[in-house]
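[1] sequence first, then the predicted structure, then my questions.
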Amino acid sequence: MTQTRTFLFIAWLMVAAFLWMEWNKEHQPQPVAQTPSAVVAAAGAVPSANIPAANIPSASVPGTVAPQVMTPAQAPRVSLRNDMLVLELDGRSITSAKLLKYHQS
């Protein structure tokens, strides 16, 4: 076969096309997630009716405690250390980071 270069070029183009298609699959915009009520309303299973919110009972389970949200002032400070790095955390962010083997000059 004297046309090896042509066959290699065609094979390279095919590989490039497959790579391009896979790259486009990754970079497509994600579909917008619909809420269950929007899905049911879009399907037409439930007729549209104006139900006042005052008529809907609230559900409560006896013996459960509502979750508490910690503010940054209440969050405990945590210090993490290994052989290269020392981190200090305050619950939401890193307050201090030090590299042990690389001192500032």
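    Perfect, thanks for sending it. Residues are numbered from 1 along each chain as shown.
[2] and Asp97, that's in a strand?
    Actually, residue 97 is Ala. It isn't Asp. Yes: secondary structure of Ala97 (DSSP: H, G, I helix; E, B strand; the rest coil): part of a strand.
[3] ranges for the helices of this protein?
    4-26, 36-43 (DSSP state H).
[4] can you add mean neighbour count and give these back as a markdown table?
    Quick note: C-beta positions are derived from backbone N, CA and C, even for glycine. Converted to a markdown table, the helices of the chain look like this (neighbours: other CB atoms under 10 Å):
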| stretch | mean neighbour count |
| --- | --- |
| helix 4-26 | 9 |
| helix 36-43 | 10 |
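[5] between the ones you listed, which gets nearest to Ala97?
    helix 4-26 (32.1 Å; CB to CB).
[6] could you pull up the mean pLDDT of that closest one?
    Averaging pLDDT along helix 4-26 gives 94.
[7] kindly export that helix (C-alpha atoms) in PDB.
    Taking Å, rounded to 0.1, in the frame of the first residue of the first chain, the C-alpha atoms of helix 4-26 are listed here in PDB:
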ATOM      1  CA  THR A   4      -0.400   4.900   4.000                       C
ATOM      2  CA  ARG A   5      -0.300   8.700   4.700                       C
ATOM      3  CA  THR A   6      -3.800   9.100   3.300                       C
ATOM      4  CA  PHE A   7      -5.200   6.400   5.500                       C
ATOM      5  CA  LEU A   8      -3.500   7.800   8.500                       C
ATOM      6  CA  PHE A   9      -4.900  11.300   7.800                       C
ATOM      7  CA  ILE A  10      -8.400   9.900   7.400                       C
ATOM      8  CA  ALA A  11      -8.000   7.900  10.700                       C
ATOM      9  CA  TRP A  12      -6.800  11.100  12.400                       C
ATOM     10  CA  LEU A  13      -9.800  13.000  11.200                       C
ATOM     11  CA  MET A  14     -12.200  10.400  12.500                       C
ATOM     12  CA  VAL A  15     -10.500  10.400  15.900                       C
ATOM     13  CA  ALA A  16     -10.700  14.200  16.000                       C
ATOM     14  CA  ALA A  17     -14.400  14.100  15.100                       C
ATOM     15  CA  PHE A  18     -15.100  11.600  17.900                       C
ATOM     16  CA  LEU A  19     -13.200  13.800  20.400                       C
ATOM     17  CA  TRP A  20     -15.100  16.900  19.200                       C
ATOM     18  CA  MET A  21     -18.500  15.100  19.700                       C
ATOM     19  CA  GLU A  22     -17.600  14.000  23.200                       C
ATOM     20  CA  TRP A  23     -16.300  17.400  24.100                       C
ATOM     21  CA  ASN A  24     -19.600  18.900  23.000                       C
ATOM     22  CA  LYS A  25     -21.600  16.500  25.100                       C
ATOM     23  CA  GLU A  26     -19.700  17.700  28.200                       C
END
